[in-house]
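**Q** Just need the structure, nothing else, for what follows:
(one chain, ligands or ions: 1)
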Amino acid sequence: MSLIEAQDLTVRLDGNEVLTGVSMRVKAGEIVTILGPNGSGKSTLLRALLGILPLAAGVVTRAKGLRVGYVPQRLAVDRTLPMTVRRFLSLPVRVGDPEAAAALARVGVPDVAARQMGELSGGQFQRVLLARALLARPQVLILDEPTQGLDQPGEAAFYRLIEEVRRETGVAVLMVSHDLHVVMAASDRVICLNGHICCEGTPRVVSTAPEYRALFGLGTQGALALYQHVHDHEHGHGHSGGHHDHHDHAEHDHAHHDHA
Ligand SMILES: Nc1ncnc2c1ncn2[C@@H]1O[C@H](COP(=O)(O)OP(=O)(O)OP(=O)(O)O)[C@@H](O)[C@H]1O
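**A** Reported below is the predicted structural model:
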């Protein structure tokens, strides 16, 4: 059964069609990653799924009583917050000391409770955000670029943590990422978004595609190549919004001249 499902979703913001005809679902316990260039509507899709954006068309269905842990984009959270980690964990729902301590220990930062939020390193800050999301005992975690600003080891460690938490609790995870290596290792399914769903599949399918091999080892510079695998449609058709930044489509001929 799906925890969250979008059917033929269209979202307009300021008169621009940001998402067009998006259908996707997240099932219990799976890790789904959304990839897409800047401005492709990734955050908008997450917010639509959370029910905090009006839909121009389509339906979002969430399982009854669904508990969601949401970690917004790092930049959306004020890091200069004059507040201790312990207090932050009690917003908006008060939690007891043992529960707070357990959550911090779980995410690998057992000693930061008394620290100011603004004093934390990027990696510690992300872990505290995750700890707070986990306190809601979510059935699904929704993470918007949770490793933005972290270095590669920090990023890899964070995703290992996500996988551990999934293994232990069975939580489903829907996240936005730019790092293909991480996506390949940590996702059950990858959805490539550019205002509409360009393609989706298991990492295995993606990793056996020539396009994936071509980009393997190229780091995030290779991110656009993933949009060029296994397409089930022609681009330029069926997407009438016309307001997305389609700079990737200019090279959308299944050639990889951008990685030569
Ligand atoms: N509140 C808003 N009002 C008007 N337009 C918006 C609003 N929020 C986002 N947009 C526009 O919608 C498009 C998609 O934005 P969104 O933040 O969902 O993209 P994204 O894929 O998450 O981008 P990034 O990778 O840069 O975070 C962008 O063109 C953005 O300018």
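
**Q** Please parse this protein into its domains.
**A** Using the TED database, the domains assigned to the chain come out as 2-67+138-218, 79-137.

**Q** Any part of the first one near the ligand?
**A** Yes - with C-beta under 6 Å from any ligand atom as the measure, domain 2-67+138-218 is seen reaching the ligand through 13-14, 18, 36, 38-44. Where you see a C-beta, it was placed from the backbone N, CA and C, and this is true even at glycine.

**Q** returning to that earlier point: columns mean neighbour count and mean pLDDT on top of the domains of the chain, output as a markdown table?
**A** What follows is the domains of the chain, written out as a markdown table (neighbours: other C-beta atoms under 10 Å; pLDDT from 0 to 100):
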| stretch | mean neighbour count | mean pLDDT |
| --- | --- | --- |
| domain 2-67+138-218 | 19 | 86 |
| domain 79-137 | 16 | 91 |
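
**Q** top helix in the protein by residue count?
**A** Ranked by residue count and defined by DSSP state H, the top helix of the chain is helix 152-169.

**Q** Residues touching it, excluding its own?
**A** With C-beta atoms under 8 Å, 6 or more residues apart in numbering as the contact definition, helix 152-169 has outside contacts at 29, 31, 106-108, 122-123, 126-127, 130, 134, 141, 143, 146-147, 150, 171-173, 175, 179, 182, 185-186.

**Q** ok, 7 Å please
**A** Helix 152-169 is contacted by residues 29, 31, 107-108, 122-123, 126, 134, 146-147, 150, 171, 173, 179, 182, 186 when judged by C-beta atoms under 7 Å, 6 or more residues apart in numbering.

**Q** Skipping adjacent residues, who's closest to residue 33 in space?
**A** Taking C-beta to C-beta, 6 or more residues apart in numbering as the measure, residue 33 lies nearest to residue 187, with 4.2 Å between them; neighbours along the chain are not counted.

**Q** what residues are up against the one you found?
**A** Applying C-beta under 7 Å, 6+ apart, we find residue 187 in contact with 31-33, 203.

**Q** Which ones among these map onto helices?
**A** Taking DSSP H, the ones among the contacts of residue 187 that sit in helices are residue 203.

**Q** out of the residues of domain 2-67+138-218 next to the ligand, which are inside helices?
**A** 42-44.

**Q** Looking at those, spot the one nearest residue 73.
**A** Taking C-beta to C-beta as the measure, residue 73 lies nearest residue 43 of these, at 6.4 Å.

**Q** in the sheet, who's paired with the residue nearest to that closest one when sequence neighbours are not counted?
**A** Distances taken as C-beta to C-beta, 6+ apart place residue 144 nearest to residue 43, at 5.6 Å, with adjacent residues excluded. With DSSP bridges as the criterion, residue 144 is bridged to residue 176.
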